[in-house]
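Visitor: Below is the structure, and that's it, no one-letter string:
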């Protein structure tokens with residue numbers, strides 16, 4: 001396999017950011033950084049951030065308005081900090097976009113089109129923002145939590161517990177036939193009238209390994225037993241807080257593939273030509289967007305990088 005044929009990481013997992021974790025416990029860090037002229041801020045409203053000309057539109061700290069959740073995201077190449085200013089989807093946006101060329105765009109829609117560093121920054125920001133917005137109270141006693149570690153933890157003044165952003169592991173898999181010439185995908189009931197087919201996925205249950213979860217999910221959703229599991233990579237998917245762990249697997253008996261009729265309403269075997277057409281926007285079905293790891297798994301199989 002030549003270097004150009006090497007499978008690429010999923011869109012949201014290509015960057016290794018300098019998160020400057022060693023600074024998080026510095027007293028007054030966020031206040032200090034907000035006052036520094038070189039600091040830039042990524043505003044997040046729900047799962048959306050401002051984009052301008054296909055790039056993240058970072059702003060100065062004094063452009064942020066209203067009550068927001070602050071956190072330290074990263075240290076840029078020039079040494080200056082990048083902060084998060086987050087509000088929920090039902091709240092007012094944390095910045096007014098006065099530039100007519102800038103617009104709010106969701107991670108789902110644009111994550112696959114950004115360069116590696118900006119995609120990594122946006123998924124980090126959305127994942128952290130959702131925790132900051134959605135979990136303000138202690139799950140043990142109900143007390144209101146106090147921010148710590150530059151937005152990366154919270155403590156409860158009532159019971160003393162410390163809480164961190166939660167990440168739930170989930171497996172996602174594309175299934176091939178034994179000859180390697182077809183790929184099995186499923187259509188989820190939640191997608192309504194859309195003729196969208198994707199990989200099979202599910203959360204890892206308590207006390208379960210990734211491999212066991214994968215075998216169980218495919219059996220439940222598609223009715224086939226699988227083997228020859230091959231780990232392909234992972235990426236964050238903050239909907240609401242998943243870490244997606246991608247695999248390929250091989251169906252023992254392809255003819256046994258059946259949708260469960262509840263979560264999955266149809267399963268279908270696809271050839272490479274059919275999926276290549278779908279990736280190009282042709283054909284009779286839709287495939288997952290470029291920000292998803294499902295897209296990466298399908299793309300790599302179509303290109304022959306995965307058997």
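Guide: Nice, thanks for sending it over. Just so you know, these numbers come straight off a predicted model, no measurement behind them. Numbering: from 1, shown residues only.
Visitor: need the contact list for residue 239.
Guide: Contact partners of residue 239, counting by Cβ atoms under 8 Å, 6 or more residues apart in numbering, are 47, 108. To be clear about C-beta, it is placed using only N, CA and C from the backbone, and glycine gets the same treatment.
Visitor: Quick check: bridge partners of the spatially most central residue of the chain?
Guide: The centroid of the chain falls nearest to residue 237 when counting by Cα atoms, centre = their mean (2.0 Å). Under DSSP bridges, the beta-bridge partners of residue 237 are residue 242.
Visitor: roughly how far apart are residue 43 and residue 15?
Guide: From residue 43 across to residue 15, the span is 20 Å (Cβ to Cβ, to the nearest Å).
Visitor: which of the two has more neighbours?
Guide: Neighbours per residue (other Cβ atoms under 10 Å) separate residue 43 from residue 15, with residue 43 holding more: 28 against 18.
Visitor: Regarding that one, what is its secondary structure?
Guide: Three-state call for residue 43 (DSSP: H, G, I helix; E, B strand; the rest coil): strand.
Visitor: can you pull out the helices in this protein?
Guide: For the chain, the helices defined by DSSP state H cover 29-35, 107-110, 116-134, 210-222, 272-279, 293-302.
Visitor: could I get these as JSON lines with distance to residue 21?
Guide: Shown next, in JSON lines, are the helices of the chain (distance: least, Cβ to Cβ, whole Å):
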{"stretch": "helix 29-35", "distance to residue 21": "12"}
{"stretch": "helix 107-110", "distance to residue 21": "22"}
{"stretch": "helix 116-134", "distance to residue 21": "12"}
{"stretch": "helix 210-222", "distance to residue 21": "26"}
{"stretch": "helix 272-279", "distance to residue 21": "37"}
{"stretch": "helix 293-302", "distance to residue 21": "25"}
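Visitor: of the ones you listed, which approaches residue 148 most closely?
Guide: Nearest of those to residue 148, taken as Cβ to Cβ: helix 29-35 at 10.8 Å.
Visitor: Off-centre distance for the closest one?
Guide: 28 Å (Cα atoms, centre = their mean, to the nearest Å).
Visitor: And stretch 95-103, by the same measure?
Guide: Using Cα atoms, centre = their mean, the offset of stretch 95-103 from its chain centre is 25 Å.
Visitor: how about it: buried residues?
Guide: Neighbour counts over stretch 95-103 (16 or more other Cβ atoms under 10 Å) mark 95, 97, 102 as buried.
Visitor: Hmm, residue 54 and residue 113 touching each other?
Guide: Yes - Residue 113 lies in contact with residue 54 (Cβ atoms under 8 Å); the separation is 6.6 Å.
Visitor: higher neighbour count, those two?
Guide: residue 113 (15 against 11).
Visitor: how about the more buried one, what does it touch?
Guide: 54, 290.
Visitor: roughly how far apart are it and residue 105?
Guide: With Cβ to Cβ as the criterion, residue 113 and residue 105 are 9 Å apart.
Visitor: Need the overlap of contacts for the two.
Guide: Counting by Cβ under 8 Å, 6+ apart, nothing touches both residue 113 and residue 105.
Visitor: who's in contact with stretch 204-213?
Guide: Residues outside stretch 204-213 that contact it (Cβ under 8 Å, 6+ apart): 168, 169, 170, 171, 202, 203, 216, 229, 231, 245, 247.
Visitor: okay if I get those as TSV plus pLDDT and distance to residue 122?
Guide: Listed next are the contacts of stretch 204-213 as TSV, based on pLDDT from 0 to 100; distance: Cβ to Cβ, whole Å:
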residue	pLDDT	distance to residue 122
168	97	20
169	98	21
170	98	20
171	98	24
202	97	25
203	97	23
216	98	32
229	97	30
231	97	25
245	98	21
247	98	25
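Visitor: Just the buried ones out of the residues you listed, please.
Guide: For those, buried by 16+ other Cβ under 10 Å: 170, 171, 202, 229, 245, 247.
Visitor: a markdown table please, covering those and showing distance to residue 262.
Guide: A markdown table is the format used below for those (distance: Cβ to Cβ, whole Å):
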| residue | distance to residue 262 |
| --- | --- |
| 170 | 18 |
| 171 | 19 |
| 202 | 13 |
| 229 | 25 |
| 245 | 24 |
| 247 | 23 |
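Visitor: Quick check: strands, which of those are part of them?
Guide: Judged by DSSP state E, strands contain the following of the buried ones among the contacts of stretch 204-213: 170, 171, 202, 229, 245, 247.
Visitor: pLDDT weak spots in the chain?
Guide: Applying pLDDT under 70 to the chain flags residues 1-7, 306-307.
Visitor: Tell me the gap between stretch 251-264 and the middle of its chain.
Guide: On Cα atoms, centre = their mean, the centre of stretch 251-264 falls 26 Å from that of its chain.
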